[in-house]
Every structure is written in structure tokens, then in C-alpha cells.
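Visitor: sequence unknown, structure follows:
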């Protein structure tokens, strides 16, 4: 790790002082002249027909500038995998909270008042909330009867099931023959696991300001993740060409975790902006974040494993049912992506994986940190401990016996490269042993029982993916990097800056980052699917190399050597073999001055060239797998084609205390070890590990958006409790290790790391709870109530 | 309707005309442009809007602006001494104690009130004292580390100040 001068160093962000003095401007702090405030009227019914809407009283309220309903919105459906959405539905309501109308007014108070004056008549329809009922061939409600006619994404088109009318996607991965595998097995273990809805609870809610410029460009500035994806979606929602849509991030965003990669406020603000020709701001309240901001995807996972006596896996069959909510949004995508999470860690010769995205009359779901690996890892890693126990084997050894290894072919046909699962898990196990996890009961009082557990998680980054970097060399030797990865706290700009600083041999403060505006910064898929560092980092690094080539061509003429013999550091270009033959970057520029004062310029340029700008694209190539088997052929895999760009790994070990009288679970010690490839900034990596652990801790023990017949019952932080300082072990009781396995295609060997941090935590805690009190929890969150019930059922309370 | 209200914020006097039912958070942000404090939950659960009233931390979304009349209000903008950062601000940078930064101003002011009241706060007391301030990014580990480090620095500075006077 010592071979680089900036990469691999924990350099604080250049903008840090502004962060601690209140000077950073978030979206919530931004206003525009002549701006209106928008509010959305939402449906109180889960499934209903709109009979009539009377907006006349709202329209005449002083200060109201526009009232829009579904009749004012474009009628062409849009979406991600399935075009099933409209900006505002004119006829059918499919979930409680669905927008019915929206108002723009001079003040927020007036907008709120106007909502009360809109009268809507509904006719309720039968609804379906139970996931397996919705999935069945005879569901109580068909949520999108027009689904067979909807437009589907051309690449990785979801597979619909004609006899299951609410299924949005059926994704399969089949290898070998599971039935034969089960016949060969000495032990078969079969279980059902499930996960609840959790909310991202970003400190900053979704906020945007939409405006229509004089040249008819719809500009939306907001708390947005994935600018170019948003641009495309907004363009399709309004039927606008790309040149007429501009998406700008608020530059600093108060958290995302996947939640800000979905419009919601944007398109309604846009509709109001078209109707008023004034800027319109919409901000979700905390309650709206819960009811409309989307949640993590509740899923049911059936898993059946066949193993030999020595712990070798011979067959695994999984069925995953994904609650998509009322629109396909991310649910149909998860049906596919969860297969990658399921195949990323272990070698199973006979494998059958069926995942279904399913519509219900609940709030639509969105991506959540760990997307695609969270649900299968929860099932698989609980199952691995149960296998070890039944066979009387060490859980660590059972896992190690089955790990995929470098060069193996996984269940989707990919050739495995850069897998640190073993390193991570061994590091965690070693630390747990040294620190005596779960070993002594003596300091434990009364009803508390102590236990320890571990698990390993993976997280892939999807392919195909691409990111463009743009890099400019300035006359003062500073470097300007333009990129469109998102920056909501994880340190994206540090990473891009450190990569550029390394390439140019300069310090981080000599790199200026410009990001987040589709009119200024080049295409990137954004920071999603754990791919910011890998994809956009690669784009930026290649662009630096392109800029250096151009820089050396200019310098070569002045130094009278071929460009290949040149290199650069600290603002100079010099001959590699003879560093004393050098030229300052500034000397390559011509200065224009009208002033008498020496050195004063009104501008600079490079003769015959203009500006020194490097531009390059990183592409993760992809071939769609066979739809029947979810696999790519070996000859394709050998060309370096993958379905996932890379896999990152994290192992988690915990010590817990479980209260036999109340069911409460407390985590008292934590150890994490993560393989993210080369860490670009180790302290920032540690921050992701710690933060991800705590977010996962909340979702494992406590957090749950409670929905009754489609209605969210706890849309606030009184009734939905996120972890506080009191829930987290600190100091010596929380250890994070970096156990990197570099990736041949990553920038400086880096992969990605901000999502895998969620995945091993729930099963590690469940395994520790089992170790402490002998009850196996199969649903998260394992609230005190659920643990107590399980203890009572086992006669242990 | 709107009434005149005089507030002392970060050592300076301001006069605003506002409805008496406006919260201190709204008046500081919207009328005075002190946007360093953040509103996130509006129910007093998250602490992102924490400011100091006569040295005590309050959630400014839970305080009506007129209730702050005659009190010394300190916001994050008033913590640094010109360009010299407060030891807590320095420690938050050195220890990577923020990610998105949205909770940071409230967290730092809550920590300041805590250390002003008890300069010898233990790690457990710091965790207890910050438990009303939510952070969704950092997992709190580095925040507690930073406050512990700032505590030592603040004690040293106090000793140095006493010695020099």
C-alpha cells in the first residue's frame, strides 16, 4: 500500500472547514427569486378509482398560482424496468400516499391551506397487501391490469408471468441439477427468512427546485443521486429531448443510501413549473419521507441447502419474493440483482434461483445500501451457521470450505477475480478469539446471556456501466476534474481528487473538483451500486492520462525530446531520465495582458492547442445472460465479460447480550474486516464501515416501517427509532480492519466499499443471538418483542 | 401578526419582524440567513437544529423565537474565533467525524455544551450527552473519538490560559 503518494493516504477533504462552520449550502438552504412553494395532495386509499376532483376552491385562494391534477400531466408512462408510472395518475390510485393533485403558491402555508380545499371523490377497490397472496395465481387484486401492454426496458427486460398477474419480473439462475444434488446430500436444511421495510432516514429529505428557463430547458436542482439517470427519466416523463432537460445536484446532499435515486418531488415540481413559468420548490416533510420517499424492499426468501457431512455444499435452491409496492420502481430490478448477491461468495455445484418482483398496494420501494446482497446474505449466512451446528463443525471452517476462489466459475458463469472473503473472515475470527468474544459469562448479571457470532457478506457493482472523466490542466499547474458521480457524504470528491493528484504527482489541494451538473459535467452512471470509485474513478484516471499525453506533446516541443520520455510532478514537466531538464506547466501557456503590471493577465491559452483537456470513458463491458439460466457462456467470460463489475466483501463479528426476560439484544463488541481492493482513503473507508454497521444494526434490531393495510403507522422519529450513540460500542470495542485484495481493472486496484458494509451484520447478530440463548431468528428486525416470543416458544424465557 | 423581536446572536443584535409563533430555527435560518443549523424532523427528535441558549443546548425547532428574547444565542457560525476553529471543529476534521455533514453543526454545539458543563466528561458521559443528536452516516464512532480528543485539547488550552494570566 505504500507505493503511492496520495492514493492510500487518509487526507481530509479540502472543504472540511466549511463543513464544521455551517458554511456549506445544502438544497434546503437554496432559494430562487420569484420562487413558489409546492405541496402534494395524497390519496388516503390504497386502491381506488378517482371519480372526480374539484379544485375550484383551491384555485381562487389568494396566493395560489397553480393547481394540477392527473389531467394536466403527460399521459405517456415511464419507469426504470417497466414503464408503469405517470407524473400524476388521473384515474387509478394504487397506494396510500399516491399523488392526486399538487399546488404551487406564494408561501408554504398557503399551499398547505389550498390542499384542504381540493375535494376528491374516490371509489374504493379491493386491495392486496400480503406479499404471497399478491404473488399467487389468483390474487385478490390485480394492480396493473395493463402490465402486459406496458413498455419494458430493452436491456435485461423483465420476464413477466402470464398466470401471475402481479409479477413484475421473474429472474432465474440455474446451474447443474438441484434435485440430483439433494439426493447426494447427507443433510438438507430448509428455511424461510424475511426482511421488513426500513427507511433510509437521511438527515436531509428530498428537496428540489424546478424551473423552465427562457430557452425552454426544464432545469431541476435537487438532492439527487444519479444525475444522468434522473435526466433520462425526467425527459421520458415529460416527453422532452435530452437537450431540454438539465439536472443539477445541490452539490452537498444530506445523505442518500439509495433513497435519492428516484424522482418523486422532481417531476411534480417540474409540472408546476411548466404551469406557472416560475421556479417551484418542493420539499418532503419527515412524514413524507416515510410515506412517499420509498423504503428498503421487504422480501421473503425460501432457501434449501444440501450438504455433505464434511460441510461441502452440493445443492442450493432459493426462491425470493420481492415486495415491489404499487409500481415496479426498484422491485423488478432487485429480482435480478439479488441473484448476484446470492452467487458472490460460495461455490455450489447445483444451484437454482428464482426471484420474483411483485406488485402490492403498498408504497413503492427503492434502492437501499446493500441492494441485491442484503436479502440473500441474511438467508445464506444464517443457513451456514445452522449447517455447521447440525454437522458439529466450526462455522468458520464450513464457510472456508465452500468459498469461491480466484479463477473459479460462479453460478452465473463469471470467472471469479479479486475475492477477499477468506482474508476478511479469518481476520474477524482471529480478532474475536484475541478479544475473547462471548467467552466469559462472569461479568454478566441477572437475565443477560452472552453470545458471539460472525458472518461474511458480499456486494457487487452491476454491469454494464460507464463513466466519463474530464480533466483540464491550468496554467498555474492546478488540475480541474469534472465528473458526475454523486457526493452525499461518502467522500466521492476526495476519491476523485486523490486519483487525479496521484496521476499528476501533486497534493490534493492542487486539484479542483467540479461535479454534479448535466450541462457541465460528463456522463457517469453516478454513485450507485457501490460503483463510484471503480467506475467514475476509472473515468477520471483515464482522463488524467489523456490530459498528460496532451500536456507532454506540448512540452516535448519546448524540451526537444519525444513526449514518451516525459513525466510530471509538482507542476513541472520533466525528462524521466534527466529530471533537471524541466519546464513549469505555466511556461507552456501564453499570457494575454493589457496591463502594465508584470505578470498580470486577463487570460491564458496554449498556442495551437487552446486548452489542455483530457477526456476519456471507462466502460464495463457486458453481455446479457441467457434468460433461462441467468448464465454467460465460458468463452464470453474468458474475454473478461462479467455480469457484475466486481465484488467487495466484508466480514462482521459481534458479541451480544440477550435479555431472557425482555428479549432485548445489545451489541457489546464489533469487529469488521473489509476487502474493497486498494483503499483510496483508509479513514473514509473506516467511516463507511462504521456507519454501515450502525445503519444495519438499526435494521436488524429495531427499525421497521410499520404498515397496516397500506398505511404507514410510524412516519416519524418518535415511533421509528434509528440508532443513537447509546446503541453503538465505541473505542476498543469497535474495530475495523482493511483486508484488501486489489482488482486488476480498478483504479489503482480499488473496487468499491460503501454498500457491502450493510450485508453481514444481520446474520452475524442472529448467529450471536443463537449462540447466546439458542433461538434462531428468521425475520429482521428481531425486536425485543419478537426475540421474547421466540424465547417463550422455546421454553427459555 | 408580525411583531418586532430583538435577538442577540453570536454577539450581535438583530431586529426582526415576525409572527410570534415562528420557531427560533425558522427565524435564525429564514430571517437572519444563519443556515448552519438544519431542520430535519421538526419533532425535536434529531438535534440537527441544536443551538446554544445561554450556553444550554436547545432544539431550536421546539423553541418559539420570542422565547429566546434577552438570551445569548450561539449558532455554529459563531463558534470559531474569526478564522481560528474551535478545538471541537478541528477535532471533527482530524478524526473524520462527519460524512454528509448535515448533523454536524448540531452535534458540535451539543458537544460544546456538554464539555463546557463537564470538562472531564467520560466516554460514557459523552455518549449519553450526544444521544439526542442523530447521525445516519458516521455510526458515531469517530464523533465520540473527536469529542474525546477535543476535550483533552480544551483542557490543555484552559491550563495554558490560566498559566499565562
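Guide: Yep, that arrived. Everything numeric in this text was worked out from a predicted model, so none of it was measured.
Visitor: alpha carbons only for contacts and neighbour counts from here, please
Guide: OK.
Visitor: which residues of the stretch 551-700 of chain A fall in strands?
Guide: Counting by DSSP state E, counting those that start in this stretch, the stretch 551-700 of chain A has strands at residues A:566-569, A:572-575, A:582-584, A:590-592, A:603-605, A:612-620, A:644-659, A:665-675.
Visitor: mind giving me the packing neighbours of the third one?
Guide: Taking 3 or more CA pairs under 8 Å, 6 or more residues apart in numbering or on different chains; DSSP states H and E as the contact definition, the neighbouring helices and strands of strand A:582-584 are helix A:537-559, strand A:572-575.
Visitor: rewinding a little: in a markdown table: the strands of the stretch 551-700 of chain A, plus mean pLDDT.
Guide: Below are these laid out as a markdown table (pLDDT from 0 to 100):
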| stretch | mean pLDDT |
| --- | --- |
| strand A:566-569 | 98 |
| strand A:572-575 | 98 |
| strand A:582-584 | 97 |
| strand A:590-592 | 86 |
| strand A:603-605 | 89 |
| strand A:612-620 | 97 |
| strand A:644-659 | 97 |
| strand A:665-675 | 98 |
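Visitor: most tightly packed of those?
Guide: strand A:644-659 (a mean of 28; mean count of other CA atoms under 10 Å in any protein chain shown).
Visitor: report the inter-axis angle for it versus strand A:665-675.
Guide: 160 degrees (axes from the mean of the first three to the mean of the last three CA atoms, to 10 degrees).
Visitor: packing partners of strand A:644-659?
Guide: helix A:421-434, strand A:448-462, strand A:665-675, helix A:761-773.
Visitor: between those, which one is nearest to residue A:211?
Guide: Residue A:211 sits nearest to strand A:448-462 of all those, at 33.1 Å, using CA to CA.
Visitor: got the angle between that closest one and strand A:644-659?
Guide: Put simply, strand A:448-462 runs at 170 degrees to strand A:644-659, going by the same axes, to 10 degrees.
Visitor: turn the helices and strands packed on strand A:644-659 into TSV, columns for distance to residue B:144.
Guide: Shown next, in TSV, are the helices and strands packed on strand A:644-659 (distance: least, CA to CA, whole Å):
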stretch	distance to residue B:144
helix A:421-434	22
strand A:448-462	25
strand A:665-675	16
helix A:761-773	22
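Visitor: name the nearest residue to the residue in the stretch 551-700 of chain A that chain B sits nearest to, sequence neighbours excluded.
Guide: The minimum distance from the stretch 551-700 of chain A to chain B, using CA to the nearest CA, falls at residue A:691 (3.8 Å). Nearest residue to residue A:691, sequence neighbours excluded (CA to CA, 6 or more residues apart in numbering or on different chains): residue B:139, at 3.8 Å.
Visitor: tell me what the lowest-mean-pLDDT helix or strand in chain A is packed against?
Guide: Among the helices and strands of chain A, strand A:590-592 carries the lowest confidence by mean pLDDT, DSSP states H and E, at a mean of 86. Judged by 3+ CA pairs under 8 Å, 6+ apart, the packing partners of strand A:590-592 are strand A:603-605.
Visitor: contacts for the strand it packs on?
Guide: A:475, A:589-593, A:611 (CA atoms under 8 Å, 6 or more residues apart in numbering or on different chains).
Visitor: the most centrally placed residue in chain B in helix, strand or coil?
Guide: Nearest to the mean C-alpha position of chain B, by CA atoms, centre = their mean, lies residue B:109 at 2.3 Å. For residue B:109, the assignment made with DSSP: H, G, I helix; E, B strand; the rest coil gives helix.
Visitor: can you check the pLDDT for it?
Guide: Listed pLDDT for residue B:109 reads 98.
Visitor: that one and residue B:76 touch, don't they?
Guide: Yes: under the criterion of CA atoms under 8 Å, residue B:109 is in contact with residue B:76, at a separation of 6.9 Å.
Visitor: give me the common contacts of these two.
Guide: Listed as contacting both residue B:109 and residue B:76 by CA under 8 Å, 6+ apart are residue B:51.
Visitor: I figured residue A:632 was touching residue A:414, is that so?
Guide: Yes: judged on CA under 8 Å, residue A:632 makes contact with residue A:414 at a distance of 7.0 Å.
Visitor: so between the two, which is more surrounded?
Guide: Counted by other CA atoms under 10 Å in any protein chain shown, residue A:632 and residue A:414 do not tie: residue A:414 has more neighbours, with 24 against 21.
Visitor: residues touching stretch B:135-144, excluding its own?
Guide: With contacts defined as CA under 8 Å, 6+ apart, stretch B:135-144 is touched by A:201-203, A:255, A:489, A:687-688, A:690-695, A:724-725, A:728-731, A:734, B:92, B:95-100, B:103, B:123, B:126-127.
Visitor: so how far is that stretch off the chain centroid?
Guide: 17 Å (CA atoms, centre = their mean, to the nearest Å).
Visitor: mind listing what's buried along it?
Guide: B:135-144 (16 or more other CA atoms under 10 Å in any protein chain shown).
Visitor: cool, and stretch A:302-322?
Guide: Neighbour-count burial for stretch A:302-322, counted by 16+ other CA under 10 Å, picks out A:302-309, A:311-322.
Visitor: can you get me the start-to-end distance on that stretch?
Guide: Start-to-end span of stretch A:302-322 (CA to CA, to the nearest Å) is 12 Å.
Visitor: any idea of the mean pLDDT for it?
Guide: Here the average pLDDT along stretch A:302-322 is 98.
Visitor: from the chain's centroid, how far away is that stretch?
Guide: That offset, for stretch A:302-322, works out to 27 Å (CA atoms, centre = their mean).
Visitor: just stretch B:121-135 next, same as before
Guide: Worked out by CA atoms, centre = their mean, stretch B:121-135 lies 14 Å from the chain centre.
Visitor: and for stretch A:263-281?
Guide: That offset, for stretch A:263-281, works out to 26 Å (CA atoms, centre = their mean).
Visitor: now stretch B:101-118: buried residues?
Guide: When burial is assessed from 16+ other CA under 10 Å, stretch B:101-118 yields the following buried residues: B:101-115.
Visitor: count the residues that sit near residue A:220.
Guide: Neighbours of residue A:220 using other CA under 10 Å come to 30.
Visitor: quick one: it from chain B, how far?
Guide: 21 Å (CA to the nearest CA, to the nearest Å).
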